[in-house]
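**Student:** this one's structure only:
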């Protein structure tokens, strides 16, 4: 027969009525479980100890995880803030780089356009300079031919003049001989007259009229001779005046030709200076390059002007120094034995003392702006004054570079 719920409820009412039955019932029912309870308790205690250790370890792990999570959350927040700031900075810098790139491209385009324009102007100027130089060479040749023809004409005119002077001297000699013969004839006539006066003294009254006529004739002949002498002197004076006039015209012509030759030489000198400066601008690395002087380039006029204006605004140079330095022909920049070196270059086909003095003076001014700067001169030949000044500068131990017809003399 099964034990139902109603039976269980009856049992509970009975136990409530008879409380002393509860202990007996508990002993009868729980005897085996009570005997097993200590072992179960020990096992439970062991398990609880393990569980407590596991819980403590888990709590420690959770605490550490919580700390790590808080630390990671703080780091993550900081990282997110830094990432946001870095992203904003990167966006700003990227925008600046984009703008700088745009400005650089615009500058490069303007520079490319300016370079193309300058290149076209330079090529046209070079063609024009070559044409003018050819014209000057042709004019020089025609001038030399004209001078040769003038020299030949002068030689012929000189020979003609010498022949004419010989002819005049001969005619003067003939005139002197005629004068001598006239004087001899007059002396003979006077002797004859005296003799006749002596012989015809007694007939003087008869011969006075004849003597007067003879004297009149003699006076007439003397007057004609004096007139001929005067005309001869006038002709000689006119001849001398004509010769002086022709010599004056010849001297004027020679002076004009000399002035024209001087102007041609000045124009050719200017063209030579321009061509020399152009060659040193285009071939500066080839002319000045050497193992201990490399990466050579020529500072542009605008770049040098910007540096001079900045130095003037900052008060490093005075206005007179600015005016002096901006007239330098060329400024070269390169690396001399690992350091930056500049050359203040003055170019002239004929280097004189003034060119050397200007190079030294302008190099001293540019050294205050660019750093170490040496003076330099370039040309085809040196005057004696330039050689003496260069020798003095070298004896004082100052560095100076001399370029003659492409060959470079460096400081020792």
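**Tutor:** Yes, it's here. Just so it is clear, the structure is predicted and the values come from calculations on it, not from any experiment.
**Student:** gap between residue 22 and residue 10?
**Tutor:** 15 Å (Cβ to Cβ, to the nearest Å). All C-beta atoms are positioned from the backbone trio N, CA, C, and that covers glycine.
**Student:** find the helix or strand that the nearest residue to residue 360 once chain neighbours are set aside is a member of.
**Tutor:** Nearest non-adjacent residue to residue 360, counting by Cβ to Cβ, 6 or more residues apart in numbering: residue 375, 4.6 Å away. For residue 375, the host element (DSSP states H and E) is strand 373-379.
**Student:** show the contacting residues for the residue nearest to residue 360.
**Tutor:** 343-344, 346, 356, 359-360, 362-363, 399-401 (Cβ atoms under 8 Å, 6 or more residues apart in numbering).
**Student:** mind listing which of those residues are in strands?
**Tutor:** Residues of those located in strands (DSSP state E): 343-344, 346, 401.
**Student:** residues in contact with the most centrally placed residue in the chain?
**Tutor:** With distances taken as Cα atoms, centre = their mean, residue 330 lies nearest the centre of the chain, 2.2 Å away. Contacts for residue 330 (Cβ under 8 Å, 6+ apart) come out as 277, 280-281, 284, 298-299, 343, 345, 347.
**Student:** now, among these, which is nearest to residue 18?
**Tutor:** Ranked by distance to residue 18 (Cβ to Cβ), the contacts of residue 330 are led by residue 299 at 124.9 Å.
**Student:** what's the burial count for the closest one?
**Tutor:** 18 (other Cβ atoms under 10 Å).
**Student:** what about the residue nearest to it when sequence neighbours are not counted, distance to residue 409?
**Tutor:** Nearest residue to residue 299 in three dimensions, chain neighbours excluded: residue 331, at 4.3 Å (Cβ to Cβ, 6+ apart). Plainly put, residue 331 is 19 Å away from residue 409 if you go by Cβ to Cβ.
**Student:** including distance to residue 123 and neighbour count, could the contacts of residue 375 go into CSV?
**Tutor:** Listed next are those as CSV, based on distance: Cβ to Cβ, whole Å; neighbours: other Cβ atoms under 10 Å:
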residue, distance to residue 123, neighbour count
343, 27, 27
344, 29, 27
346, 26, 25
356, 33, 27
359, 30, 27
360, 35, 19
362, 30, 23
363, 32, 27
399, 37, 17
400, 35, 20
401, 30, 21
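**Student:** rebuild those residues as TSV, extending it with distance to residue 69 and pLDDT.
**Tutor:** Below are the contacts of residue 375 laid out as TSV (distance: Cβ to Cβ, whole Å; pLDDT from 0 to 100):
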residue	distance to residue 69	pLDDT
343	69	92
344	70	92
346	77	92
356	81	93
359	76	92
360	77	93
362	73	91
363	71	93
399	72	92
400	76	92
401	73	91
